[in-house]
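fold the following.
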Amino acid sequence: MTSTDMRKDAEDSGPSGYAAARLRLLTEGARSGPPRRCALSELTDDWLAGLFTAGSGELRGVSLVAVGGYGRGELSPRSDLDLLLLHDGADVQAVAALADRLWYPVWDLGLALDHSVRTPAEARRTAGEDLKVQLGLLDARHLAGDPGLTAGLRTAVLADWRNQAPKRLPELQALCAERAERQGELQYLLEPDLKEARGGLRDATALRAVAASWLADAPREGLDDARRRLLDVRDALHLATGRATDRLALQEQDQVAAELGLLDADTLLRQVYEAARVISYAGDVTWREVGRVLRSRSMRPRLRAMLGGGKPAPERSPLAEGVVEQDGEVVLARAARPERDPVLPLRAAAAAAQAGLPLSLYAVRRLAATVRPLPTPWPAEAREQLVTLLGSGQPTVEVWEALEAEGLVTRLLPDWERVRCRPQRNAVHIWTVDRHLIETAVRASEFTRRVSRPDLLLVAALLHDIGKGWPGDHSVAGEIIVKDVAARIGFDRTDVAVLSTLVRHHLLLVETATRRDLEDPATVRSVAEAVGSQGTLELLHALTEADALATGPAAWSTWRGSLVTDLVGRVSAVLAGDAPEEPEAAAATAEQERLALEAVATGGPALSLRAQTEPPAGPVEQPAGDPEPLGVELLIAVPDQPGVLPAVAGVLAMHRLTVRTAELRALELPSGVEGSVLLLNWRVAAEYGSLPQAARLRADLVRALNGSLDIAGRLAERDAAYPRRRGVVAPPPRVTVASAASRLATVIEVRAQDAPGLLFRIGRALEDAGVRVRSAHVSTLGANAVDAFYVTQAHGVPLPGDEAVSLAQKLEEMLRG
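Sure, this is the predicted structure:
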């Protein structure tokens, strides 16, 4: 039967005809989704119009108006009918009688009804007092009666909404936030409310209201499809339960999936989560734009007064190469060329997360549209930027979601697609698999001071459950996947082996600690054999805690933590062997000897700059062509004297050079050559812009060594003039004494958030403490500095134990200050 036939039956037979036509429409399998909702709305329109015509008689100045979801034509099988009987106030008693003739037939059929009777003035006044009423009237649609009355109200309500938008939109945003706090996030809930949860149908309606204000608009791509998908699920839920419910309960999910022709309940939830993610991200972008516009409007009169009516250009502050901050967002620099710079998406994301700022929608879309794929394996900068992004704490989540919204994550990591929006049917888990992985990285960023390889910890956190998209034991599947992913990212064979061990055994510590007898030597020995090394054990301990904390409140406790710590201590004792000695220096190269002899001959520093390239990493073959630039190698030879380390580090910081790795050691000169020379081997990269000339670096270094260049003052002036945004609350620095690391020197280990001038401050503090830096081994892993300084007393012997501890404490206090 066609829609026309159904509507004719409804008109001819009154309420019973409408009920029969409605039942046929909802039970026939030919139509579903938008066609069925549209047909149900039209059927109901015609029936109500017939009731209105029969009941109004000669009454004039009255109209029947659909509002809210019914006004949008989005009637689900058990939806309320949102109706307004609008009148001009001329005959109140007649209008009341008409209302009875309209409402009672609806109630007689058992349909839910949300109704009101108002004049246009009353409707506008109520809308001004009640935001929900105003939102419903924005979707007002004429059904019967005086069309001019309805059109006049629509025009007035829209005008009121646009005029009051600066006041009402913040109220609407607060309403959405309060509802999200109460109902949770639709994209992660196992039993979500399709309407009220964040990312649900109410949020989609709010975005329509924002667009109607003309103040801002939501990203349109995918939004209509996401809304349609949620409405389809709600239709199926109503039909499956026979109730007007928006809660997708566990026991109904299989039936709803079958109603929609989906494979199973997991497929259903994944579609719901994907739709909710689109709506949530559109909401984030839209409300950010609303805030920007409102701030701009509030500042405009003052700026015009100050600038004589001129329009100021938006301020742009550089954050990284090709990346700037503008209007509270991270955007691409005007000179950025994404099509030539495959690392730019990761660099922009890392800069945004470190600054605690959102990535601009337009920047992400430009990157998605133009950037070329990364080579395999990734260049070192891409790997470092990924680690920096993962180590940025809570801001990582919003930035990652922006990359995901435009498909950039799955381009970088194709295996991510299998875990994306994947539900976890376990009461302990509060997140989908993909969000759990990001949350684990966020938690792991708090533990980067506990491990010597924070980069491996963060990447393992991101990938530890990557096998959940495959059949079988996800730890076994994940081990296979991570070997390939880690090699593609550019880790060498040794690091790939560590990462695969961490993924394979990420549940080993907590399961053993809570289910096995720790007094049994065989238990401890089996864990030690699986882990293999102290470094891997250290990483696995941190990963275990981060994984549990990111799972949910029921997954970790003080008791579990104490059991795991006890097990780690026992395994560490089994793995303990002879203490490592100070790394033995490699023989000097011809270039290093040349610089050393030049330094001795001139009595000053000698240096060289040369491009350094990255060798092939891991089992993946390096593609043909030039190897990917890794940075610039800076070799410096300086006659041995106090203050070399802070001088060199300070000059590099002045020139905005980021230190990736650094080695300092005394160089043995050829026989017959008198003097003592310190050799510094650095790998550096410009924060942005080009590298300085070697001659300029040498000139500044000469001045720094003779005391005529006030490095501390220059750095302080620059920081005051261009304060760096502190968007990330990093874990506090940690300084320890590695008591058994060397017999020849005291080893001071520093783990801190990397920052301009960090190595200068450390070097100056060691210099002020009167110790001699015998050698230094500095590395920057993402945003984490992991440094070791081999220091002695002035006459070349290690520091006494209490002096070493005191030095470490003072150094840590200085870094925390």
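
packing partners of the helix or strand harbouring residue 124?
Element membership of residue 124, judged by DSSP states H and E, is helix 120-129. Judged by 3 or more CB pairs under 8 Å, 6 or more residues apart in numbering; DSSP states H and E, the packing partners of helix 120-129 are strand 81-87, strand 113-118, helix 131-137, helix 147-163. Just so you know, the C-beta spots here come from the backbone N, C-alpha and C atoms, and that holds for glycine as well.

can you redo those as TSV with mean pLDDT, mean neighbour count and distance to residue 772?
Putting the helices and strands packed on helix 120-129 into TSV (pLDDT from 0 to 100; neighbours: other CB atoms under 10 Å; distance: least, CB to CB, whole Å) gives the following:
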stretch	mean pLDDT	mean neighbour count	distance to residue 772
strand 81-87	97	23	81
strand 113-118	96	17	81
helix 131-137	95	20	70
helix 147-163	96	16	72
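
quick one: contacts for residue 134?
Shown in contact with residue 134 (CB atoms under 8 Å, 6 or more residues apart in numbering): 127-128, 157, 160-161, 168.

the stretch 251-400 of the chain: helices as residue ranges?
In the stretch 251-400 of the chain, helices defined by DSSP state H, counting those that start in this stretch lie at 265-307, 344-355, 361-370, 380-390, 395-405, listed in chain order.

now do stretch 34-43, average pLDDT.
On average, the pLDDT along stretch 34-43 is 94.

from the chain's centroid, how far away is it?
Relative to the chain's own centre, stretch 34-43 is displaced by 39 Å; criterion: CA atoms, centre = their mean, to the nearest Å.

try stretch 102-117
Remark: stretch 102-117 is offset 47 Å from the chain centroid, using CA atoms, centre = their mean.

so what pLDDT did residue 462 get?
Note on residue 462: pLDDT of 98.

what's around it, how many residues?
As a burial measure, residue 462 scores 25 neighbours (other CB atoms under 10 Å).

for the one 4 residues further on, same thing?
Residue neighbour count, defined by other CB under 10 Å, stands at 25 for residue 466.

do residue 266 as well
Residue 266 has 15 nearby residues by other CB under 10 Å.

likewise for residue 445?
26.

how about the helices in the stretch 451-600 of the chain?
So, for the stretch 451-600 of the chain - with DSSP H, counting those that start in this stretch - the helices run 454-463, 474-489, 493-504, 508-515, 521-531, 534-551, 558-575, 590-602.

nearest to residue 252, out of the ones you listed?
Residue 252 lies closest, by CB to CB, to one member of the helices of the stretch 451-600 of the chain: helix 534-551, at 26.1 Å.

test my guess that residue 449 contacts residue 733.
Yes: counting by CB atoms under 8 Å, residue 449 touches residue 733, with 7.1 Å between them.

what do these two both touch?
Common neighbours of residue 449 and residue 733 (CB under 8 Å, 6+ apart) are 751-752.

need the per-residue pLDDT for the residue nearest to residue 200 when sequence neighbours are not counted.
Residue nearest to residue 200 in three dimensions, not counting chain neighbours: residue 186, with 4.8 Å by CB to CB, 6 or more residues apart in numbering. You'll see residue 186 listed with a pLDDT of 94.

against residue 247, how distant is residue 186?
Here the criterion is CB to CB, to the nearest Å. By it, residue 186 lies 11 Å from residue 247.

what backbone torsions are found at residue 785?
Torsion angles at residue 785 (phi, psi; degrees, to the nearest 10) stand at phi -100, psi 130.

I'd say it and residue 778 touch.
Yes: between residue 785 and residue 778 there is a contact under CB under 8 Å: 7.2 Å.

and for those two, which residues touch both?
Counting by CB under 8 Å, 6+ apart, the contacts common to residue 785 and residue 778 are residue 759.

which residue is the nearest non-sequential neighbour of residue 231?
residue 74 (6.1 Å).

burial count for that neighbour?
Neighbours of residue 74 (other CB under 10 Å): 22.

for the residue sitting nearest the centre point of the chain, which non-adjacent residue is closest in space?
Centre of the chain computed as the mean C-alpha position; nearest residue by CA atoms, centre = their mean is residue 397, 2.2 Å away. Excluding the flanking residues, the one nearest residue 397 by CB to CB, 6+ apart is residue 438, at 5.8 Å.

how many residues are close by the one you found?
Counted with other CB under 10 Å, residue 438 comes out at 22.

ok, now residue 245?
By the criterion of other CB under 10 Å, residue 245 has 17 neighbours.

from what I can see it touches residue 238, true?
Yes: contact criterion CB under 8 Å: residue 245 and residue 238 qualify, at 7.3 Å.

residues shared between the contacts of these two?
residue 78.

OK, contacts around the closest residue to residue 808 other than its chain neighbours?
Spatially, and ignoring its direct neighbours in sequence, residue 808 is nearest to residue 735 (4.6 Å; CB to CB, 6+ apart). Going by CB under 8 Å, 6+ apart, residue 735 touches 748-751, 808-809, 811-812, 815.

in a strand, residue 735, correct?
Yes: Residue 735 forms part of a strand when assessed by DSSP: H, G, I helix; E, B strand; the rest coil.
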